[in-house]
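> Provided below for reference: sequence and predicted model.
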Amino acid sequence: MPTSHATAPFLVRTWRSLQVYRHPRARVMLFLGFSSGLPLLLVFGTLSVWLREAGVERSTIGFVSWVALAYAFKWAWSPLVDKLPLPLLTRRLGRRRSWLLLSQLAVMGGLVGMALSDPVHGLAGLVWLAVLVAFASATQDIVIDAFRIESAGTRLQGALAAAYMVGYRLAMILASAGVLWLADWAGGGEKGYHPGAWSLAYLAMAAAMGVGVATTLLVDEPTVPPSDEEVERLGARRIRRISWLPSWLAELLEWLWRTVVSPFADFLRRYRWQAVLLLALISSYRISDIVLGVIANVFYIDLGFTKTQIADVTKVFGIAMTLVGAALGGVLVSRFGVMRILFVGALLAAATNLLFSLLARSGPELGLLIGVVAADNLSAGLASAAFVAYLSALTNVAYSATQYALFSSVMLLFPKFIGGFSGILVEKLGYPGFFLLTAAMGVPVLLLVALAWRWVPVNGGGRHGA
């Protein structure tokens, strides 16, 4: 039995590697990932289905998608979340858990408000509640990123990130397919708009946020990592040299330097002029996927697919394919390096948008929809895995929370702004032309990846590599 003897050590090593997921922090990140992934689609893709069924114009739905820009601006307040204590809560729960609880309760309250609203009679009020949910959700993401980084050393970060992603994607299934199933069931399975069905579905999502609240109350506060004292001392020393400043103002400016300026100054100090190239790449890498994603659910409805078909294929099956793509991307990055797979991911993400143009011309063919969703989500998962690895390599560990918030915000800002015009573009170009345009948007990204590959090679830890 030579094969069995050769296989045994491999199985033992595999089993030992899997034991890392038994770490308590991995289980915590699974539940916090669920809490993080739940709100996004409730103010983005799922909300667009609700609005379309309520008779809201496509162009208006496109503009409403700007609500999700809160995720793109979270860098602006991330330093405050990182340093500012909350009255009463911080003393009782600690810095991270206090901000987690506040943001989670705000998400729950906003979702309850949305559930009790009707876009037919009060669209503006519903949108403002969605803004509250998006802002609170983005704040929660800032804290969870910091919590993950501070919870364990480098050896466990891969396991924590994987557990977080599983929880996040499970929540996305619930917030998309789950909501559509529930709304379809509450509406008696009949086509048409049923406001009570959507109200029930969003109340259920507010209750599901209790998973995150319970986790926050039960988990221990992580330790605080050291900051980059060299950068902070340099700024503080310059502020103290301004002798004419009142002491209270000098202290305020010094605090602002340490809290707000230092993380960004560190990034510019390390990359200098290349920072412009990096920010251009980060801000445009996901543009093909995100701009298409704004109008995707509306496209499925307009094409004639039912809510159940959309839930089964684009949500459950689609998210499963995204996880497969992410796993594949992680293996390929390890084998071939981050830049090669970053380029391949960008190419595939743009190319698969051409399949949507084919689907638009073919009509509501379920088999074709399955094939298009499989290809699109597989490529998106692969590209995401490479992109997260790339962002992690650019980040200085001393400012992980704030710099990662900056990168992830910049990643969303430009694509989501352009995505706001997607409804107008569909009206002008039709769906086939719109999808061709989103594919073309990925071409400049390939050039930026090639330039970054040439001028800013990275090898992890925010340092230049060979």
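Everything's here; your move.

> Residue 85: which element?
In the assignment (DSSP states H and E), residue 85 maps to no helix and no strand.

> Surely it is in contact with residue 98?
Yes. Counting by Cβ atoms under 8 Å, residue 85 does reach residue 98; the two are 7.5 Å apart. Using the backbone N, CA and C atoms, a C-beta is placed for each residue, glycine as well.

> neighbour count winner among the two?
Shown here are residue 85 and residue 98; by other Cβ atoms under 10 Å, residue 98 has more neighbours (21 against 12).

> confidence score at the more buried one?
Residue 98 is assigned 95 on the pLDDT scale.

> doesn't residue 81 make contact with it?
No. Checked against Cβ under 8 Å, the pair residue 98 and residue 81 is beyond contact range at 10.2 Å.

> Could you check how far stretch 66-73 is from the centre of its chain?
Distance of stretch 66-73 from the chain centroid (Cα atoms, centre = their mean, to the nearest Å) equals 11 Å.

> mind exporting it as CSV, just the C-alpha atoms?
C-alpha atoms of stretch 66-73 as CSV (Å, rounded to 0.1, in the frame of the first residue of the first chain):
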residue,chain,number,x,y,z
TRP,A,66,-25.0,56.7,-4.4
VAL,A,67,-26.2,55.8,-0.9
ALA,A,68,-23.4,53.1,-0.9
LEU,A,69,-20.8,55.9,-1.4
ALA,A,70,-20.7,56.0,2.4
TYR,A,71,-18.4,52.9,2.1
ALA,A,72,-16.2,54.9,-0.2
PHE,A,73,-15.8,57.8,2.3
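
> tell me what the helix or strand where residue 37 lies is packed against?
Per DSSP H and E: residue 37 is located in helix 24-42. Judged by 3 or more Cβ pairs under 8 Å, 6 or more residues apart in numbering; DSSP states H and E, helix 24-42 is in contact with helix 95-115, helix 119-151, helix 154-173, helix 195-208, helix 210-218.

> That helix versus helix 210-218: what angle between them?
On the basis of axes from the mean of the first three to the mean of the last three Cα atoms, to 10 degrees, helix 24-42 is oriented at 140 degrees to helix 210-218.

> Give the rounded mean pLDDT of helix 24-42.
Rounded mean pLDDT across helix 24-42 is 89.

> List the contacts of the following helix or strand past that helix.
Next helix or strand after helix 24-42 toward the C-terminus (DSSP H and E): helix 45-53. With contact meaning Cβ atoms under 8 Å, 6 or more residues apart in numbering, helix 45-53 is reached by 41, 58, 60-61, 64-65, 67, 119, 123, 130, 175-176, 179-180, 183, 192-193, 198, 293-298, 301-302, 307, 310.

> And for stretch 201-208?
38, 42, 108, 111-112, 114-115, 171, 174-175, 178-179, 182-183, 186.

> What are the structural domain limits within this protein?
Under automatic domain parsing, the residue ranges defining each domain of the chain are 22-225, 272-466.

> which one of the ones you listed has the lowest average pLDDT?
domain 272-466 (a mean of 84).

> How far off centre is that one?
From the chain centre to the centre of domain 272-466 is a distance of 12 Å (Cα atoms, centre = their mean).

> Pull stretch 181-197 out as CSV, backbone CA atoms only.
Provided in CSV are the C-alpha atoms of stretch 181-197 (Å, rounded to 0.1, in the frame of the first residue of the first chain):
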residue,chain,number,x,y,z
TRP,A,181,-37.5,34.5,-1.0
LEU,A,182,-39.1,36.0,2.1
ALA,A,183,-40.7,38.9,0.1
ASP,A,184,-41.9,36.4,-2.6
TRP,A,185,-43.4,34.2,0.1
ALA,A,186,-45.1,37.0,2.0
GLY,A,187,-46.5,38.3,-1.3
GLY,A,188,-48.1,34.9,-2.0
GLY,A,189,-45.8,34.2,-4.9
GLU,A,190,-47.6,36.6,-7.1
LYS,A,191,-46.0,39.2,-9.3
GLY,A,192,-46.6,42.8,-8.6
TYR,A,193,-45.7,45.1,-5.7
HIS,A,194,-46.6,44.1,-2.1
PRO,A,195,-45.3,46.7,0.4
GLY,A,196,-46.1,44.5,3.4
ALA,A,197,-43.9,41.7,2.0
